[in-house]
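In: Below: sequence and its predicted model.
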There are 2 protein chains.
Amino acid sequence: MAVKNAMTSDFLHSAYGGESMAHMRYLTWGAMAEKEGFPNIAKLFEAIAYAERVHANNHFKEIGGDTADATVVAGAVFGTGKTVENLQGAINGELHEVEQMYPVYLNAAEFQEEKGAQRSFHFALEAEKIHAELFKQAQDAAKGKQDIKLEAVYVCPICGHTILNDAPDNCPVCGAKKEMYKKF
Amino acid sequence: MAVKNAMTSDFLHSAYGGESMAHMRYLTWGAMAEKEGFPNIAKLFEAIAYAERVHANNHFKEIGGDTADATVVAGAVFGTGKTVENLQGAINGELHEVEQMYPVYLNAAEFQEEKGAQRSFHFALEAEKIHAELFKQAQDAAKGKQDIKLEAVYVCPICGHTILNDAPDNCPVCGAKKEMYKKF
Ligand SMILES: [Fe+2]
Ligand SMILES: [Fe+2]
Ligand SMILES: [Fe+2]
Ligand SMILES: [Fe+2]
Ligand SMILES: [Fe+2]
Ligand SMILES: [Fe+2]
(Lines give C-alpha, C1' and ligand atoms only; values in the text may rest on other atoms or scores of the structure.)
(Ligands and ions follow the chains in the order given, each with its own letter.)
Protein backbone atom coordinates (compact mmCIF):
# COMPACT_ATOMS: atom_id res chain seq x y z
CA MET A 1 0.00 0.00 0.00
CA ALA A 2 1.11 3.54 -0.86
CA VAL A 3 2.95 3.12 -4.13
CA LYS A 4 6.50 4.60 -4.24
CA ASN A 5 7.25 5.37 -7.90
CA ALA A 6 5.62 8.30 -9.69
CA MET A 7 5.08 6.47 -12.98
CA THR A 8 3.36 3.45 -11.45
CA SER A 9 1.38 5.86 -9.29
CA ASP A 10 0.21 7.71 -12.44
CA PHE A 11 -0.86 4.41 -13.99
CA LEU A 12 -2.79 3.44 -10.85
CA HIS A 13 -4.55 6.81 -10.95
CA SER A 14 -5.48 6.37 -14.64
CA ALA A 15 -6.61 2.80 -14.09
CA TYR A 16 -8.73 3.95 -11.13
CA GLY A 17 -10.37 6.62 -13.30
CA GLY A 18 -11.00 4.11 -16.09
CA GLU A 19 -12.47 1.50 -13.74
CA SER A 20 -14.68 4.10 -12.00
CA MET A 21 -16.12 5.21 -15.33
CA ALA A 22 -16.52 1.60 -16.54
CA HIS A 23 -18.43 0.80 -13.34
CA MET A 24 -20.68 3.76 -13.94
CA ARG A 25 -21.44 3.18 -17.63
CA TYR A 26 -22.23 -0.51 -17.00
CA LEU A 27 -24.81 0.54 -14.38
CA THR A 28 -26.32 2.94 -16.93
CA TRP A 29 -26.23 0.46 -19.83
CA GLY A 30 -27.64 -2.25 -17.51
CA ALA A 31 -30.67 -0.09 -16.70
CA MET A 32 -31.11 0.55 -20.45
CA ALA A 33 -30.88 -3.21 -21.23
CA GLU A 34 -33.55 -3.89 -18.59
CA LYS A 35 -35.87 -1.37 -20.27
CA GLU A 36 -35.17 -2.90 -23.68
CA GLY A 37 -36.36 -6.30 -22.40
CA PHE A 38 -33.02 -8.03 -21.68
CA PRO A 39 -33.09 -8.74 -17.90
CA ASN A 40 -30.16 -11.18 -18.05
CA ILE A 41 -27.95 -8.79 -20.03
CA ALA A 42 -28.92 -6.18 -17.42
CA LYS A 43 -27.80 -8.59 -14.69
CA LEU A 44 -24.51 -9.22 -16.51
CA PHE A 45 -23.86 -5.45 -16.72
CA GLU A 46 -24.67 -5.07 -13.01
CA ALA A 47 -22.37 -7.93 -11.99
CA ILE A 48 -19.49 -6.70 -14.15
CA ALA A 49 -20.04 -3.16 -12.82
CA TYR A 50 -19.36 -4.67 -9.39
CA ALA A 51 -16.17 -6.34 -10.69
CA GLU A 52 -14.97 -2.93 -11.96
CA ARG A 53 -15.72 -1.52 -8.50
CA VAL A 54 -13.46 -4.20 -7.02
CA HIS A 55 -10.68 -3.15 -9.43
CA ALA A 56 -11.17 0.57 -8.71
CA ASN A 57 -11.14 -0.06 -4.97
CA ASN A 58 -7.95 -2.16 -5.25
CA HIS A 59 -6.15 0.55 -7.28
CA PHE A 60 -7.34 3.28 -4.85
CA LYS A 61 -5.93 1.38 -1.88
CA GLU A 62 -2.61 0.77 -3.65
CA ILE A 63 -2.34 4.54 -4.23
CA GLY A 64 -3.07 4.94 -0.52
CA GLY A 65 -1.34 7.74 1.35
CA ASP A 66 -2.60 11.04 2.74
CA THR A 67 -5.52 13.08 1.45
CA ALA A 68 -4.47 14.59 -1.89
CA ASP A 69 -6.04 16.09 -5.00
CA ALA A 70 -5.03 14.80 -8.43
CA THR A 71 -5.98 15.42 -12.02
CA VAL A 72 -6.69 12.05 -13.60
CA VAL A 73 -6.39 11.22 -17.31
CA ALA A 74 -8.30 8.08 -18.22
CA GLY A 75 -9.93 6.33 -21.16
CA ALA A 76 -13.68 5.84 -21.27
CA VAL A 77 -16.42 4.81 -23.66
CA PHE A 78 -19.60 6.80 -24.27
CA GLY A 79 -22.84 6.32 -26.14
CA THR A 80 -26.50 5.77 -25.40
CA GLY A 81 -27.64 3.57 -28.24
CA LYS A 82 -29.44 0.24 -28.33
CA THR A 83 -28.07 -2.57 -26.16
CA VAL A 84 -26.30 -4.16 -29.17
CA GLU A 85 -24.35 -0.92 -29.63
CA ASN A 86 -23.70 -0.41 -25.92
CA LEU A 87 -22.31 -3.95 -25.78
CA GLN A 88 -19.95 -3.04 -28.64
CA GLY A 89 -18.75 -0.12 -26.51
CA ALA A 90 -18.27 -2.50 -23.59
CA ILE A 91 -16.33 -4.99 -25.76
CA ASN A 92 -14.12 -2.19 -27.13
CA GLY A 93 -13.33 -0.96 -23.63
CA GLU A 94 -12.53 -4.41 -22.26
CA LEU A 95 -10.34 -5.31 -25.27
CA HIS A 96 -8.39 -2.06 -24.90
CA GLU A 97 -7.69 -2.98 -21.28
CA VAL A 98 -6.78 -6.60 -22.17
CA GLU A 99 -4.59 -5.90 -25.21
CA GLN A 100 -3.07 -2.52 -24.39
CA MET A 101 -3.61 -0.88 -21.04
CA TYR A 102 -3.15 -3.55 -18.38
CA PRO A 103 -0.26 -5.45 -20.07
CA VAL A 104 1.70 -2.15 -20.28
CA TYR A 105 0.79 -1.06 -16.73
CA LEU A 106 1.66 -4.51 -15.38
CA ASN A 107 4.98 -4.51 -17.24
CA ALA A 108 5.81 -1.06 -15.81
CA ALA A 109 4.92 -2.14 -12.27
CA GLU A 110 7.19 -5.18 -12.67
CA PHE A 111 9.99 -2.96 -14.02
CA GLN A 112 9.59 -0.59 -11.03
CA GLU A 113 9.22 -3.50 -8.61
CA GLU A 114 5.88 -2.29 -7.28
CA LYS A 115 4.45 -5.52 -5.83
CA GLY A 116 1.08 -4.10 -4.77
CA ALA A 117 0.41 -2.47 -8.12
CA GLN A 118 1.43 -5.68 -9.93
CA ARG A 119 -1.16 -7.57 -7.94
CA SER A 120 -3.87 -5.00 -8.59
CA PHE A 121 -3.13 -4.78 -12.35
CA HIS A 122 -2.88 -8.59 -12.63
CA PHE A 123 -6.27 -9.09 -10.94
CA ALA A 124 -7.91 -6.59 -13.30
CA LEU A 125 -6.26 -7.98 -16.45
CA GLU A 126 -7.47 -11.51 -15.73
CA ALA A 127 -11.05 -10.36 -15.09
CA GLU A 128 -11.20 -8.13 -18.19
CA LYS A 129 -10.36 -11.11 -20.43
CA ILE A 130 -13.49 -12.84 -19.14
CA HIS A 131 -15.57 -9.65 -19.36
CA ALA A 132 -14.72 -9.24 -23.05
CA GLU A 133 -15.88 -12.81 -23.74
CA LEU A 134 -19.08 -12.48 -21.72
CA PHE A 135 -20.01 -9.23 -23.43
CA LYS A 136 -19.41 -10.89 -26.84
CA GLN A 137 -21.79 -13.72 -25.88
CA ALA A 138 -24.36 -11.19 -24.74
CA GLN A 139 -24.02 -9.22 -27.98
CA ASP A 140 -24.44 -12.38 -30.10
CA ALA A 141 -27.70 -13.05 -28.25
CA ALA A 142 -28.91 -9.44 -28.53
CA LYS A 143 -28.15 -9.36 -32.27
CA GLY A 144 -30.67 -12.23 -32.61
CA LYS A 145 -33.16 -10.27 -30.44
CA GLN A 146 -32.58 -12.79 -27.63
CA ASP A 147 -31.52 -12.30 -24.04
CA ILE A 148 -28.37 -14.15 -22.90
CA LYS A 149 -29.05 -17.43 -21.07
CA LEU A 150 -27.78 -17.53 -17.49
CA GLU A 151 -28.88 -18.60 -14.02
CA ALA A 152 -26.73 -16.17 -12.07
CA VAL A 153 -23.43 -14.29 -12.24
CA TYR A 154 -20.78 -14.68 -9.52
CA VAL A 155 -18.03 -12.13 -8.85
CA CYS A 156 -14.99 -12.51 -6.59
CA PRO A 157 -14.89 -9.51 -4.20
CA ILE A 158 -11.08 -9.67 -3.94
CA CYS A 159 -10.05 -9.68 -7.62
CA GLY A 160 -13.23 -9.26 -9.68
CA HIS A 161 -13.09 -12.75 -11.26
CA THR A 162 -16.46 -13.21 -12.99
CA ILE A 163 -18.21 -16.48 -13.83
CA LEU A 164 -21.69 -17.56 -14.92
CA ASN A 165 -24.05 -19.91 -13.04
CA ASP A 166 -21.80 -21.24 -10.26
CA ALA A 167 -18.73 -20.10 -8.33
CA PRO A 168 -15.63 -22.34 -8.23
CA ASP A 169 -14.40 -23.82 -4.94
CA ASN A 170 -11.51 -21.40 -5.07
CA CYS A 171 -11.07 -18.31 -7.23
CA PRO A 172 -8.64 -19.31 -10.03
CA VAL A 173 -7.05 -15.83 -9.93
CA CYS A 174 -6.69 -14.96 -6.23
CA GLY A 175 -7.65 -18.15 -4.38
CA ALA A 176 -10.65 -16.69 -2.50
CA LYS A 177 -13.14 -19.28 -1.23
CA LYS A 178 -16.43 -20.07 -3.02
CA GLU A 179 -18.50 -18.60 -0.13
CA MET A 180 -16.93 -15.18 -0.64
CA TYR A 181 -18.24 -14.77 -4.20
CA LYS A 182 -21.01 -12.19 -4.61
CA LYS A 183 -24.05 -13.53 -6.47
CA PHE A 184 -26.07 -11.50 -8.98
CA MET B 1 -29.75 14.81 -25.26
CA ALA B 2 -26.60 14.63 -27.40
CA VAL B 3 -24.84 17.91 -26.66
CA LYS B 4 -23.91 19.98 -29.75
CA ASN B 5 -20.96 22.18 -28.73
CA ALA B 6 -17.47 20.73 -28.25
CA MET B 7 -16.61 22.81 -25.17
CA THR B 8 -19.77 21.94 -23.24
CA SER B 9 -19.28 18.35 -24.34
CA ASP B 10 -15.73 18.39 -22.89
CA PHE B 11 -17.08 19.75 -19.61
CA LEU B 12 -19.77 17.05 -19.47
CA HIS B 13 -17.06 14.41 -20.02
CA SER B 14 -14.90 15.86 -17.23
CA ALA B 15 -17.85 16.18 -14.87
CA TYR B 16 -18.81 12.57 -15.65
CA GLY B 17 -15.28 11.42 -14.83
CA GLY B 18 -15.25 13.45 -11.61
CA GLU B 19 -18.65 12.16 -10.48
CA SER B 20 -17.73 8.54 -11.32
CA MET B 21 -14.58 8.78 -9.20
CA ALA B 22 -16.45 10.59 -6.37
CA HIS B 23 -19.06 7.80 -6.37
CA MET B 24 -16.28 5.23 -6.14
CA ARG B 25 -14.22 6.85 -3.36
CA TYR B 26 -17.33 7.41 -1.22
CA LEU B 27 -18.12 3.70 -1.44
CA THR B 28 -14.53 2.94 -0.38
CA TRP B 29 -14.48 5.55 2.41
CA GLY B 30 -17.93 4.38 3.55
CA ALA B 31 -16.67 0.82 4.00
CA MET B 32 -13.67 2.22 5.92
CA ALA B 33 -15.97 4.33 8.18
CA GLU B 34 -18.06 1.22 8.91
CA LYS B 35 -14.91 -0.65 10.01
CA GLU B 36 -13.83 2.31 12.16
CA GLY B 37 -17.13 2.11 14.07
CA PHE B 38 -19.12 4.92 12.39
CA PRO B 39 -22.14 3.16 10.82
CA ASN B 40 -24.06 6.42 10.25
CA ILE B 41 -21.11 8.13 8.56
CA ALA B 42 -20.84 4.97 6.45
CA LYS B 43 -24.52 5.34 5.54
CA LEU B 44 -23.99 9.01 4.65
CA PHE B 45 -21.09 8.07 2.34
CA GLU B 46 -23.23 5.35 0.71
CA ALA B 47 -26.18 7.69 0.16
CA ILE B 48 -24.02 10.48 -1.25
CA ALA B 49 -22.23 7.93 -3.47
CA TYR B 50 -25.67 7.22 -4.93
CA ALA B 51 -26.28 10.97 -5.49
CA GLU B 52 -22.98 11.16 -7.41
CA ARG B 53 -24.16 8.18 -9.48
CA VAL B 54 -27.29 10.17 -10.36
CA HIS B 55 -25.10 13.08 -11.47
CA ALA B 56 -22.77 10.85 -13.51
CA ASN B 57 -25.74 9.13 -15.18
CA ASN B 58 -27.31 12.52 -16.04
CA HIS B 59 -24.08 13.82 -17.59
CA PHE B 60 -23.57 10.55 -19.52
CA LYS B 61 -27.06 10.79 -21.02
CA GLU B 62 -26.55 14.44 -21.98
CA ILE B 63 -23.38 13.42 -23.84
CA GLY B 64 -25.50 10.76 -25.53
CA GLY B 65 -24.75 9.92 -29.16
CA ASP B 66 -23.15 6.90 -30.80
CA THR B 67 -20.57 4.57 -29.27
CA ALA B 68 -17.30 6.51 -28.99
CA ASP B 69 -14.02 6.38 -27.09
CA ALA B 70 -12.77 9.46 -25.27
CA THR B 71 -9.86 10.43 -23.08
CA VAL B 72 -11.28 12.10 -19.99
CA VAL B 73 -9.45 14.62 -17.78
CA ALA B 74 -11.05 14.96 -14.37
CA GLY B 75 -10.28 16.01 -10.82
CA ALA B 76 -10.34 13.48 -8.02
CA VAL B 77 -9.33 13.12 -4.38
CA PHE B 78 -7.25 10.27 -3.00
CA GLY B 79 -6.15 9.05 0.39
CA THR B 80 -6.80 6.13 2.72
CA GLY B 81 -6.47 7.70 6.13
CA LYS B 82 -8.77 7.75 9.14
CA THR B 83 -12.40 8.76 8.58
CA VAL B 84 -11.73 12.31 9.83
CA GLU B 85 -9.12 12.69 7.08
CA ASN B 86 -11.24 11.01 4.41
CA LEU B 87 -14.06 13.41 5.28
CA GLN B 88 -11.64 16.31 4.75
CA GLY B 89 -10.97 14.90 1.28
CA ALA B 90 -14.71 14.67 0.69
CA ILE B 91 -15.25 18.27 1.86
CA ASN B 92 -12.39 19.51 -0.37
CA GLY B 93 -13.85 17.75 -3.40
CA GLU B 94 -17.39 19.02 -2.82
CA LEU B 95 -16.20 22.60 -2.20
CA HIS B 96 -14.16 22.55 -5.42
CA GLU B 97 -17.30 21.54 -7.29
CA VAL B 98 -19.45 24.15 -5.53
CA GLU B 99 -17.06 27.08 -5.73
CA GLN B 100 -15.18 26.43 -8.96
CA MET B 101 -16.16 23.59 -11.26
CA TYR B 102 -19.94 23.61 -11.54
CA PRO B 103 -20.43 27.42 -11.59
CA VAL B 104 -17.95 27.67 -14.50
CA TYR B 105 -19.44 24.66 -16.36
CA LEU B 106 -22.97 25.99 -15.83
CA ASN B 107 -21.95 29.44 -17.05
CA ALA B 108 -20.39 27.91 -20.18
CA ALA B 109 -23.50 25.82 -20.89
CA GLU B 110 -25.63 28.96 -20.58
CA PHE B 111 -23.27 30.84 -22.90
CA GLN B 112 -23.46 28.01 -25.45
CA GLU B 113 -27.23 27.64 -24.96
CA GLU B 114 -26.98 23.95 -24.08
CA LYS B 115 -30.25 23.42 -22.18
CA GLY B 116 -29.68 19.77 -21.25
CA ALA B 117 -26.19 20.39 -19.89
CA GLN B 118 -27.45 23.42 -17.94
CA ARG B 119 -30.02 21.19 -16.24
CA SER B 120 -27.48 18.47 -15.47
CA PHE B 121 -24.86 20.92 -14.09
CA HIS B 122 -27.53 22.81 -12.09
CA PHE B 123 -28.80 19.59 -10.47
CA ALA B 124 -25.27 18.61 -9.47
CA LEU B 125 -24.32 22.07 -8.16
CA GLU B 126 -27.35 22.22 -5.85
CA ALA B 127 -26.68 18.76 -4.44
CA GLU B 128 -22.96 19.38 -3.88
CA LYS B 129 -23.73 22.39 -1.65
CA ILE B 130 -25.67 20.08 0.64
CA HIS B 131 -23.01 17.36 0.46
CA ALA B 132 -20.30 19.78 1.62
CA GLU B 133 -22.44 20.73 4.65
CA LEU B 134 -23.32 17.13 5.54
CA PHE B 135 -19.69 16.02 5.33
CA LYS B 136 -18.71 18.95 7.61
CA GLN B 137 -21.30 17.83 10.17
CA ALA B 138 -20.00 14.27 9.93
CA GLN B 139 -16.41 15.45 10.36
CA ASP B 140 -17.33 17.53 13.44
CA ALA B 141 -18.84 14.41 14.99
CA ALA B 142 -15.89 12.19 14.02
CA LYS B 143 -13.40 14.69 15.46
CA GLY B 144 -15.14 14.16 18.83
CA LYS B 145 -14.96 10.37 18.29
CA GLN B 146 -18.74 10.33 17.77
CA ASP B 147 -20.84 9.02 14.91
CA ILE B 148 -23.17 11.52 13.20
CA LYS B 149 -26.79 11.38 14.42
CA LEU B 150 -29.32 10.47 11.73
CA GLU B 151 -32.35 8.24 11.22
CA ALA B 152 -31.96 7.84 7.47
CA VAL B 153 -30.67 9.63 4.37
CA TYR B 154 -32.96 10.30 1.39
CA VAL B 155 -31.68 10.98 -2.14
CA CYS B 156 -33.67 12.19 -5.15
CA PRO B 157 -33.02 9.78 -8.08
CA ILE B 158 -33.57 12.55 -10.66
CA CYS B 159 -31.20 15.26 -9.40
CA GLY B 160 -29.31 13.81 -6.42
CA HIS B 161 -30.86 16.17 -3.83
CA THR B 162 -29.82 14.76 -0.44
CA ILE B 163 -31.59 15.23 2.90
CA LEU B 164 -31.45 13.66 6.36
CA ASN B 165 -34.28 11.86 8.19
CA ASP B 166 -37.28 12.61 5.94
CA ALA B 167 -37.91 13.41 2.28
CA PRO B 168 -39.84 16.58 1.35
CA ASP B 169 -43.24 16.35 -0.42
CA ASN B 170 -41.52 17.58 -3.57
CA CYS B 171 -37.82 17.81 -4.34
CA PRO B 172 -36.87 21.50 -3.95
CA VAL B 173 -34.45 21.23 -6.90
CA CYS B 174 -36.29 19.18 -9.57
CA GLY B 175 -39.84 18.79 -8.22
CA ALA B 176 -39.79 14.96 -7.98
CA LYS B 177 -42.39 13.48 -5.60
CA LYS B 178 -41.57 12.29 -2.07
CA GLU B 179 -42.26 8.64 -3.02
CA MET B 180 -39.47 8.69 -5.59
CA TYR B 181 -36.70 9.43 -3.06
CA LYS B 182 -34.34 6.54 -2.37
CA LYS B 183 -33.91 5.81 1.34
CA PHE B 184 -30.58 4.79 2.91
FE1 LIG C 1 -11.89 -3.65 -14.44
FE1 LIG D 1 -14.05 -5.31 -17.17
FE1 LIG E 1 -10.52 -13.72 -6.85
FE1 LIG F 1 -22.06 15.08 -7.78
FE1 LIG G 1 -21.34 15.58 -4.01
FE1 LIG H 1 -34.68 16.15 -7.34
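Out: In hand now; what should we look at? What you see is a predicted model, and the numbers here were worked out from it, not measured in a lab. Ligands and ions are numbered 1, 2, ... in the order given.
In: Please count neighbours and contacts with C-alpha atoms only from this point.
Out: Noted.
In: ok, which residues in chain A are in contact with ligand 3?
Out: Within reach of ligand 3 by Cα under 5 Å from the ion, chain A has these residues: A:156, A:159, A:171, A:174.
In: Which residue ranges of chain A form helices?
Out: A:6-35, A:39-63, A:83-96, A:102-111, A:115-143 (DSSP state H).
In: Output the below-cut-off pLDDT ranges for chain A.
Out: Counting by pLDDT under 70, chain A shows low-confidence ranges at A:1.
In: quick revisit: would you mind giving the helices of chain A as JSON lines with mean neighbour count added?
Out: Putting the helices of chain A into JSON lines (neighbours: other Cα atoms under 10 Å in any protein chain shown) gives the following:
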{"stretch": "helix A:6-35", "mean neighbour count": "24"}
{"stretch": "helix A:39-63", "mean neighbour count": "25"}
{"stretch": "helix A:83-96", "mean neighbour count": "21"}
{"stretch": "helix A:102-111", "mean neighbour count": "18"}
{"stretch": "helix A:115-143", "mean neighbour count": "21"}
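In: As TSV, the ones you listed with distance to residue B:2 would be great.
Out: Shown next, in TSV, are the helices of chain A (distance: least, Cα to Cα, whole Å):
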stretch	distance to residue B:2
helix A:6-35	16
helix A:39-63	23
helix A:83-96	15
helix A:102-111	31
helix A:115-143	24
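In: okay, which residue is most central for chain A?
Out: residue A:52 (3.4 Å; Cα atoms, centre = their mean).
In: separation between that residue and ligand 6?
Out: From residue A:52 across to ligand 6, the span is 28 Å (Cα to the ion, to the nearest Å).
In: residue contacts, that residue?
Out: For residue A:52, the contact set (Cα atoms under 8 Å, 6 or more residues apart in numbering or on different chains) comprises A:19-20, A:22-23, A:160.
In: just the residues you listed now: which is nearest residue A:167?
Out: Nearest to residue A:167 among these: residue A:160, at 12.2 Å, using Cα to Cα.
In: okay, now the closest one: neighbour count?
Out: Other residues within reach of residue A:160 by the criterion other Cα atoms under 10 Å in any protein chain shown amount to 31.
In: Might one say that residue A:33 is in contact with residue A:43?
Out: No. Here residue A:33 does not reach residue A:43: they are 9.0 Å apart, not a contact under Cα atoms under 8 Å.
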